[in-house]
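A.B. asks: here's a sequence, model it:
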Amino acid sequence: MRYKMVLWLTLALMLGGAVAFAADAQMGQADILRLHVIANSDSVEDQAAKLRVRDAILAYEAVRPDALSAQAARQAILADGPGLLAVVEQSLRESGMSYGARLALGRYDFPERDYGGALYPAGEYTALRVVLGEGAGQNWWCVLFPPLCILELPDGEIEDEEMQSLILKLWKEGKNKDDSDG
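C.D. replies: Presented below is the predicted three-dimensional model:
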């Protein structure tokens, strides 16, 4: 009898864990915001311009007040679309490009990605999409919220030191915010 109770309890816990995991995965997709920059073409110049635009966006977004949720990050982007577009177009001009850009906030398909052990499964995610010129070139993307837009190594792996320093920075920012609140 005791064996059956343990078996049923184990099965119930496993089932509950699976349901919770599925809910967390679904919630996780709702709680992130990606940045997706698509180059005009695959030329060396257009790919370099794409990376300069990426850097300009990340620098611009870094000075915003900390968003506490993906929804707050989306609202901030929607409220400041013209400012963000101006930053992108200024970066393109500085890169010597004569084409413009289009910004869109929507849901798009993304491949699976692992950021330092946190798996973001393939699927549809909300993203700020920045299409440069014709948008016919290779793309670059990252997780804008929570702030995981870290530069990666050429083989697609994130250096452990870089991830640790990001986690430490986020922890310190959260701790400083908690200390100032109370």
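A.B. asks: nearest residue to Ala39 in space, please, no chain neighbours.
C.D. replies: Distance criterion C-beta to C-beta, 6 or more residues apart in numbering; nearest residue to Ala39, sequence neighbours excluded, is Gly137 at 3.1 Å. Heads up, the C-betas are built off the backbone N, CA and C, glycines and all.
A.B. asks: surely the one you found touches Asp42?
C.D. replies: Yes. At 4.7 Å, Gly137 counts as touching Asp42 under the criterion of C-beta atoms under 8 Å.
A.B. asks: thinking again about what came up before, give the contact list for the residue nearest to Ala39.
C.D. replies: By C-beta atoms under 8 Å, 6 or more residues apart in numbering, the contact set of Gly137 is Ile38, Ala39, Asn40, Ser41, Asp42, Ser43, Asp46, Gln47, Lys50.
A.B. asks: pretty sure it is in a helix, no?
C.D. replies: No. Residue state for Gly137 (DSSP: H, G, I helix; E, B strand; the rest coil) corresponds to coil; a helix is not indicated.
A.B. asks: measure it to Ala118 for me?
C.D. replies: 28 Å (C-beta to C-beta, to the nearest Å).
A.B. asks: and Ala59, by the same measure?
C.D. replies: 24 Å.
A.B. asks: sorry, back to before: relative to Cys149, which of the contacts of Gly137 is nearest.
C.D. replies: Closest to Cys149 out of these is Lys50 (14.0 Å), distances taken as C-beta to C-beta.
A.B. asks: what about the closest one, how many residues nearby?
C.D. replies: Neighbours of Lys50 under the rule other C-beta atoms under 10 Å: 27.
A.B. asks: would you say it is within a helix?
C.D. replies: Yes. Assessed with three-state DSSP, Lys50 lies in a helix.
A.B. asks: pull the contacting residues for the closest residue to it other than its chain neighbours.
C.D. replies: Nearest non-adjacent residue to Lys50, counting by C-beta to C-beta, 6+ apart: Ala39, 3.9 Å away. Applying C-beta under 8 Å, 6+ apart, we find Ala39 in contact with Asp46, Gln47, Ala49, Lys50, Leu132, Gly133, Gly135, Ala136, Gly137, Gln138, Asn139, Trp140.
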